[in-house]
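S.K.: got a predicted model here, sequence first, then my questions.
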Amino acid sequence: MTTISDTRAVSTRRRRRTRPGSKAAYAYIAPFFLLFAAFSLYPWLDTAWVSLHDVRLSTYHQQTWIGLDNYKNLFTNAFFWRAFKNTITIGIISTVPQLCMALGIAHLLNYRLRGRTFFRVAILMPYATSLAAATVIFLQLFDKDLGIINWFLSELHLPRVDWQGSKWPAQIAVSSIVTWRWTGYNALIYLAGLQAIDGTLYEAAAIDGASRWQQFRHVTIPGLRPTILFTIVVSTIGASQLFGEPLLYHNGIPDGGTSYQYQTLGLLMYQQGWTNDRLGLASATAWTMFGIIVIAVLVNLALTRRRAHHFAAPEAAPTLQLSEVTR
Amino acid sequence: MPVPLHARWRAVAVLAVAALGVAACSSSKNSSAAQDPNAKVTLTVGLFGTFGFKEAGLYDEYMKQHPNVTIKEDDVEQSADYWTRLKTRLASGSGLDDVQGIEIGFVSDVVQNHASQFVDFASLPEGNTLKSSFYDWKWQQATTSDGKTLGLGTDTGPEAICYRPDLLKAAGLPSDGATLATKWASWDDFINFGKQYESSPTKPKGSNFVDSAASIFSTAVYQGNEAYDNSSGKPDVANSDGVASAWKYSTEAAQAKITAGLQQFSTPWNKAFSSGAFAAIACPTWMMGYIQSQAGDGNSGKWSVAPVLPGGATNWGGSWLGVPKASKHQQAAEQLVEWLTNKEQEVTMWTKGGHWPSNSQAAADPAVKGATSTYFSNAPVGQIFGAIADKMKIPPIGLYDTQIQQAFTTQLTNVETKGTDPSKAYNDAMSAIKQVTG
């Protein structure tokens, strides 16, 4: 077939002619770095500059240098510490069950079972759902008077719960939206990691009489270690920046409930900057959040490195890029 | 003659007008001839929520009269989002529309911080004529201390009480407007009436007298000599007589359990309009449209308007239209704003859209005062709101009124639903306010 050989000839020729030299490589990556400089680096540095000034959004050009006063204000501010604690507790309530369930689901989906593709697609559906739509549904489920969850509780002769006004129920409700949306996503990443584990390990374990639970503990978990680490890092970053769910859970008001019971740092920053007009303070919050995320990730890494000494190094690690995933 | 009042928030079918006819002889303004008045221009109008110009057919009419003008509306649903966007655009000096809507919540910010960025209507040749056609307080709220007027008033929000005669009747209480006007003269009377409602053995199950403590607070606060600010427009919450009495009455109502404990503008509150969860609500003119859109046509005739506001006449809400100096079509934009806010158009906006005029000549028009509402049991709404608009008390406004009010109403919800001690709630509100004022 002439056409096929023609195309091949052309493509080899072109490949040879334009084999990228080092200069061409810079040209290829330049667009990313230009965009990064314009939309990440510049705002990042500008935010640092603004955080050292008394600035209001309405009078943006009148900036008064106040040094670290915004940070001092923040660290002595009850609103900040409340949001900080809420971010941690909601982060734990949403991330821990989420990753555990994802691991379990991935483990099950890795076995040969009927309709496996269907289940694999189905678990990703929540991730593809719009956040606003999901939150509206959850608001109805958790409605104090008319919600199905309270109806169910009262059928079981349990007391009704104020899922909006009381602190822990509200945090659980917000966390459940996060868990619902992200479990499938993480399960899929674990599944990708599992596929890279040599199937003969399971066979060998099975021959040695290991149960599925034992296989899970002694083959799956060690094999998935790098993937688990990746999901923990990404989930930690996501949890630190949690914003949309708690915002929509209170009708778009960024206070996180009438007693600020589920106001996260992301919401507080938004409230300071856009509702309260205090850009300087909001910028200080932004940089503080950045610091918190860096510390949290480093702590995670340190903990897992130390634990990793107890196990053999994993052989096959799926390569995943952090930049692929953004919440 | 019954005049239908359309919902402010509902998209009413646009009155299609075939704009092909010959232009009526429009009075061309005495322009400085810098621009050709007949050149083709496209004017963008930046608004929030539903102002109702499009729905009342005013753009189409204007374009018919001025064939060279095309009007495009650029609308943001929530006024808070709109204001954030307008602030960023004012800061960067780009992306501004030719006409920008300005709400009472941020008119002070425009007056105090952006006076140089908007066209001054007072300095135009027709400035004095314009001034004399608006309520004086409305004109002043958009005017700087050195006399620059940065916007012309669209609507205002004179307040009365909207109520459900059927619920009051069921509880064995009087339900006609004239009697209620005497029973609800002061907030003490109103709260006592509420207690009677709650203790009535025949009141409809699951209903409360008033929707929220916020309903009382947001009204009573403007009945003081000061609301949130002193006369120079600076926040002065701790010394405000309006805040003190509004807090007293609203917490008293909350603790007497005569409120339904709903957060205003939340989903449960919206639903409650049709379910009959409350019998009365503080009702600025624009609230009638809101009630109608939430309660729906099925509840037509169930609501009414009492010709009274406990504690004295006052205003809630209202807007202006301004022209940024960055506009490339300043004169055409000024002309459009003057036309949209003149007597004739503001009469139309009331009769077709339920927006009470800020143009005092329009408010005096028989078509405005004679309006009744079928939806609200044929209440003579023109007469009721006209009488209130004539004697409204208007305290000074300031930069952060919206956020300060939100801080108080949020804490009132805690008093209503969680039984929070009013003095703790007050302190919590004050510390939230400190976060705003700095």
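M.R.: It's in.
S.K.: so which elements touch the host helix or strand of residue A:284?
M.R.: According to DSSP states H and E, residue A:284 maps onto helix A:279-308. If you count contacts as 3 or more Cβ pairs under 8 Å, 6 or more residues apart in numbering or on different chains; DSSP states H and E, helix A:279-308 packs onto helix A:42-50, helix A:69-75, helix A:78-109, helix A:221-240, helix A:265-270. (Each C-beta comes from the backbone N, C-alpha and C, glycine too.)
S.K.: could you tell me the least trusted of those?
M.R.: Mean pLDDT per stretch puts helix A:221-240 lowest among the helices and strands packed on helix A:279-308, at a mean of 91.
S.K.: so which bits of that one are buried?
M.R.: Neighbour counts over helix A:221-240 (16 or more other Cβ atoms under 10 Å in any protein chain shown) mark A:222-240 as buried.
S.K.: enumerate every residue touching the residue nearest to the spatial centre of chain B.
M.R.: For chain B, residue B:317 is the residue whose C-alpha lies nearest the centre (Cα atoms, centre = their mean; 2.9 Å). Each residue near residue B:317 by Cβ atoms under 8 Å, 6 or more residues apart in numbering or on different chains is listed here: B:103, B:104, B:155, B:156, B:157, B:284, B:286.
S.K.: what about it, distance to chain A?
M.R.: 19 Å (Cβ to the nearest Cβ, to the nearest Å).
S.K.: check which helix or strand that residue maps to.
M.R.: Residue B:317 belongs to strand B:315-322, assigned by DSSP H and E.
S.K.: pull the longest helix from chain B.
M.R.: Longest helix of chain B, by residue count under DSSP state H: helix B:401-418.
S.K.: so which bits of the stretch 201-327 of chain A are right by chain B?
M.R.: Residues of the stretch 201-327 of chain A lying near chain B by Cβ under 8 Å from any Cβ of the partner chain: A:251, A:252, A:253, A:255, A:258, A:259, A:272, A:274, A:275, A:276, A:277, A:278.
S.K.: secondary structure class for residue B:283?
M.R.: strand (DSSP: H, G, I helix; E, B strand; the rest coil).
S.K.: my guess is it meets residue B:160, correct?
M.R.: Yes - counting by Cβ atoms under 8 Å, residue B:160 is a contact partner of residue B:283 at 5.4 Å.
S.K.: joint contacts of those two?
M.R.: residue B:305.
S.K.: what's the burial count for residue A:78?
M.R.: Applying other Cβ atoms under 10 Å in any protein chain shown, we find 10 other residues in the vicinity of residue A:78.
S.K.: whoops, residue A:57 was the one
M.R.: Neighbours around residue A:57, by other Cβ under 10 Å: 21.
S.K.: quick check: the residue of the stretch 101-250 of chain A nearest chain B.
M.R.: In the stretch 101-250 of chain A, the residue found nearest to chain B is residue A:165; the distance is 5.8 Å by Cβ to the nearest Cβ.
S.K.: residues from the stretch 51-200 of chain B in reach of chain A?
M.R.: Residues of the stretch 51-200 of chain B lying near chain A (Cβ under 8 Å from any Cβ): B:78, B:80, B:84, B:87, B:88, B:90, B:91, B:109, B:113, B:114.
S.K.: mind checking which of those are in helices?
M.R.: Using DSSP H, these in helices are B:80, B:84, B:87, B:88, B:90, B:91, B:109, B:113.
S.K.: of the residues of the stretch 201-327 of chain A next to chain B, closest to residue B:276?
M.R.: Of all those, residue B:276 sits closest to residue A:251, with 22.2 Å by Cβ to Cβ.
S.K.: for residue B:176, which non-adjacent residue is closest in space?
M.R.: residue B:165 (7.6 Å; Cβ to Cβ, 6 or more residues apart in numbering or on different chains).
S.K.: I meant residue B:161, not that one.
M.R.: Of all residues not flanking residue B:161 in the chain, residue B:306 sits nearest, at 4.6 Å (Cβ to Cβ, 6+ apart).
S.K.: surely that neighbour touches residue B:160?
M.R.: Yes - contact status for residue B:306 versus residue B:160: in contact at 6.1 Å, counting by Cβ under 8 Å.
S.K.: between these two, which contacts overlap?
M.R.: With Cβ under 8 Å, 6+ apart as the test, residue B:306 and residue B:160 both reach residue B:384.
S.K.: which positions within stretch A:260-278 qualify as buried?
M.R.: Quick answer for stretch A:260-278 (16+ other Cβ under 10 Å): A:260-278.
S.K.: ok, residue B:339 - how many residues close by?
M.R.: Counted with other Cβ under 10 Å, residue B:339 comes out at 16.
S.K.: would it count as being in a helix?
M.R.: Yes - if the criterion is three-state DSSP, then residue B:339 is within a helix.
S.K.: that one and residue A:41: what is the separation?
M.R.: According to Cβ to Cβ, to the nearest Å, residue B:339 stands 48 Å off from residue A:41.
S.K.: circling back to that earlier point, neighbours around the residue nearest to residue B:161, how many?
M.R.: Each residue near residue B:306 was counted by other Cβ under 10 Å, and the total is 24.
S.K.: list the contacts for it?
M.R.: For residue B:306, the contact set (Cβ under 8 Å, 6+ apart) comprises B:160, B:161, B:162, B:163, B:177, B:180, B:181, B:184, B:384.
S.K.: how about a cut-off of 6 Å?
M.R.: Residue B:306 makes contact with B:161, B:163, B:177, B:180 under the criterion Cβ atoms under 6 Å, 6 or more residues apart in numbering or on different chains.
S.K.: contacting residues for the residue nearest to residue B:362 when sequence neighbours are not counted?
M.R.: Once flanking residues are discounted, residue B:362 sits nearest to residue B:346: 3.7 Å by Cβ to Cβ, 6+ apart. Listed by Cβ under 6 Å, 6+ apart, the contact set of residue B:346 reads B:357, B:359, B:362.
S.K.: great, nothing more from me.
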